[in-house]
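Participant: need a structure here:
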Amino acid sequence: MGTLATAERKRLGLRILTPEGTVFDGVATIVVAPSVEGEVGILPRHAPLIAFLRIGETRIKDLEDEETVYATSEGYLSVEEDQVLVLVEQAERADQIDVSKVQQELEAAQQQLADAGDDETLRDVAEAAVRRAENRMKVANA
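Facilitator: Numbers count the residues shown, from 1 in each chain. Just a heads-up that it's a prediction; the model follows:
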């Protein structure tokens, strides 16, 4: 096999999608995502897979060996024939997170949680907002 065929086998097609649209559409050499079972690393020629994702960070290494980190929320990841699809509610590049804005969102979510009292629905919504904001802060400050 030639060099091109070897290079093609060492790459993954990757799309990260949210309800707002495509966040990333390109190629990678590795994708590491936070599954509910623990981190999952996807390399070229990975077996087909569907995984549930939890709030955390998704790391992508590109063809130049540069790493890009995204703060991601719950969702799904699928792998088939060197194509990776990440479907999440939210995804934001670490270097584009506005820390002061996230701090305000975190404080508002914590206040909503404090105000929720015994209302389980309000508590669940507020707790999810707190977890997302804390994750974004952690990823931005890493």
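Participant: From here on, just use CA atoms for contacts and neighbour counts.
Facilitator: OK.
Participant: so residue 104 sits in a helix?
Facilitator: Yes - under DSSP: H, G, I helix; E, B strand; the rest coil, residue 104 sits within a helix.
Participant: how close does it get to residue 111?
Facilitator: Relative to residue 111, residue 104 is positioned 11 Å away (criterion: CA to CA, to the nearest Å).
Participant: What of residue 142?
Facilitator: 25 Å.
Participant: starting at the chain centroid, how far to the longest helix belonging to the chain?
Facilitator: Assignment by DSSP state H gives helix 120-140 as the longest helix of the chain. Averaging C-alpha positions (CA atoms, centre = their mean, to the nearest Å) puts helix 120-140 15 Å from its chain's average.
Participant: on contacts alone, who are the packing partners of it?
Facilitator: Using 3 or more CA pairs under 8 Å, 6 or more residues apart in numbering; DSSP states H and E, the elements in contact with helix 120-140 are strand 56-61, strand 67-72, helix 99-116.
Participant: Would you mark the buried spots in that helix?
Facilitator: Using 16 or more other CA atoms under 10 Å as the test for burial, helix 120-140 gives 123, 126-137, 139-140.
Participant: Also stretch 64-76?
Facilitator: Counting neighbours by 16+ other CA under 10 Å, one finds that the buried residues in stretch 64-76 are 69, 70, 71, 72, 73, 74, 75, 76.
Participant: Just give the number of residues close to the closest residue to the fifth one other than its chain neighbours.
Facilitator: The shortest distance from residue 73 to any residue other than its chain neighbours is 4.2 Å, reached at residue 55 (CA to CA, 6 or more residues apart in numbering). Residue 55 is flanked by 24 other residues according to other CA atoms under 10 Å.
Participant: Isn't residue 55 up against residue 136?
Facilitator: No - using CA atoms under 8 Å, residue 55 is not in contact with residue 136; the gap is 9.4 Å.
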